[in-house]
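Trainee: Predicted model follows, preceded by the sequence.
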Amino acid sequence: MDADATDAFDVAQLVPGFRPPPQPQPTLGHDDAQLAAADARMRHWRDPVAGPLVPGSDRHGDATCRMFRDTFNPYRPAVLDWPRLEPAVRDRIVALPIWDIAVQTEGKARLRMAAYAGTLHDPAMRDALALNAWEEQRHKDVLARMVAAYGIDLAPEPVHHPSRDPEWAYLVTGYSECIDSFFAFGLFELARRSGLFPPALVDTFEPVMQEECRHILLFANWAAWHRARLSFPRRVRFEAKVAAVWAFLAWERIGLARAIDVDGGARPQDNNFTLHGAQSVADNGVDVRDLLALCLAENDRRFAGYDERLLRPRTVPGLARLVLRVAGLFGRRR
């Protein structure tokens, strides 16, 4: 099933003036040197101008947008090679309870990002967020092609409508990605180590995982840049909205957790994959502390190549470190 077969989404419809970046023509034989160079550019970036990047300053906004533009990777989902899998490996991958929500999440994300980008007056930031939406569309395309390649059945995708509050929808999407990407980094590495994802499949998905790192790096710096430029009354309203978004996301994930195994032990597909993803990708499961430590290590590794003056998402990594410290304290007492 090609989930994107009738999808007419176009970022330019929501962000007038946006033009997709130039794409290389698909070829049967990849130029390994060009692919390696594009991959390296995607993972490493530093602002050539010395000095601090003060949140909200023109320099901070300019560096954020240039980082996102300069690290763009022009790989094409159309020429990704989906490796043949052993039947047992394919069955385990197909059974992972994430594919429906993964495709649907990318569908919502691209629409919400493009809709919010269209409301911005700063041309550089508007273009960066529009490119982010365009890349989310590409992720959806990658997932749709994987679904087709391995015969994964998806539930019908609901129609996604623009929110009446584009900023709220963008905040929900951005903070959701900060949460989910943190755990996805660790689970992806766990799947590689366990052998669930064979090396060829890891290589195919790797650019998508690193793009998610770029996406939440952009979001973290947009949020700091945006809030620093608000007047005091607007800042208060914005912080209240951010708090409401976090409360909504916590309620959403608790609600989804309670929905697990509601029909006699079956695992419905949901976006709370961090609760049981480790058990799905590791033969013997994994200790929560080991998973958090792995997520932190992978999070740090993926961000390491970007200018340290750019802000990183802090809430989820900070909570993970707190949990590990508390667990270590109780462990020593025992």
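Mentor: Done, it's in.
Trainee: so Val147 makes contact with Trp99?
Mentor: Yes - between Val147 and Trp99 there is a contact under Cβ atoms under 8 Å: 6.6 Å. In this view, the C-beta of every residue, glycine as well, is placed from N, C-alpha and C.
Trainee: Find residues that contact each of these two.
Mentor: Counting by Cβ atoms under 8 Å, 6 or more residues apart in numbering, the contacts common to Val147 and Trp99 are Leu154.
Trainee: My reading is that Asp81 lies in a helix. Confirm?
Mentor: No - membership of Asp81 in a helix is not supported by DSSP: H, G, I helix; E, B strand; the rest coil, which gives coil.
Trainee: From Trp82, how far out is the residue nearest to it when sequence neighbours are not counted?
Mentor: Nearest non-adjacent residue to Asp81, counting by Cβ to Cβ, 6 or more residues apart in numbering: Thr204, 6.6 Å away. For Thr204, the distance to Trp82 (Cβ to Cβ, to the nearest Å) stands at 7 Å.
Trainee: Ala228 now?
Mentor: 44 Å.
Trainee: now swap in Ser231 and tell me
Mentor: 51 Å.
Trainee: Between those two, point out the one with more neighbours.
Mentor: Neighbour tally, Ser231 and Trp82, criterion other Cβ atoms under 10 Å: the higher count belongs to Trp82, 14 against 8.
Trainee: How about that one: what's its closest non-neighbour residue?
Mentor: In space, Trp82 is closest to Ala149, 3.9 Å off (Cβ to Cβ, 6+ apart).
Trainee: So which bits of the helix or strand containing that neighbour are buried?
Mentor: Taking DSSP states H and E as the criterion, Ala149 maps to helix 123-150. Residues of helix 123-150 classed as buried: 124-147, 149-150 (neighbour count, 16 or more other Cβ atoms under 10 Å).
Trainee: Next: stretch 81-88.
Mentor: Buried-residue list, stretch 81-88, by 16+ other Cβ under 10 Å: Leu85.
Trainee: Return that stretch as CSV; C-alpha atoms alone will do.
Mentor: What follows is stretch 81-88, C-alpha atoms only, in CSV (Å, rounded to 0.1, in the frame of the first residue of the first chain):
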residue,chain,number,x,y,z
ASP,A,81,17.3,0.7,-2.0
TRP,A,82,15.0,-1.3,0.2
PRO,A,83,17.0,-4.5,1.0
ARG,A,84,15.5,-8.0,0.8
LEU,A,85,14.9,-9.3,4.3
GLU,A,86,14.8,-12.8,5.7
PRO,A,87,11.2,-13.8,6.4
ALA,A,88,11.6,-13.9,10.2
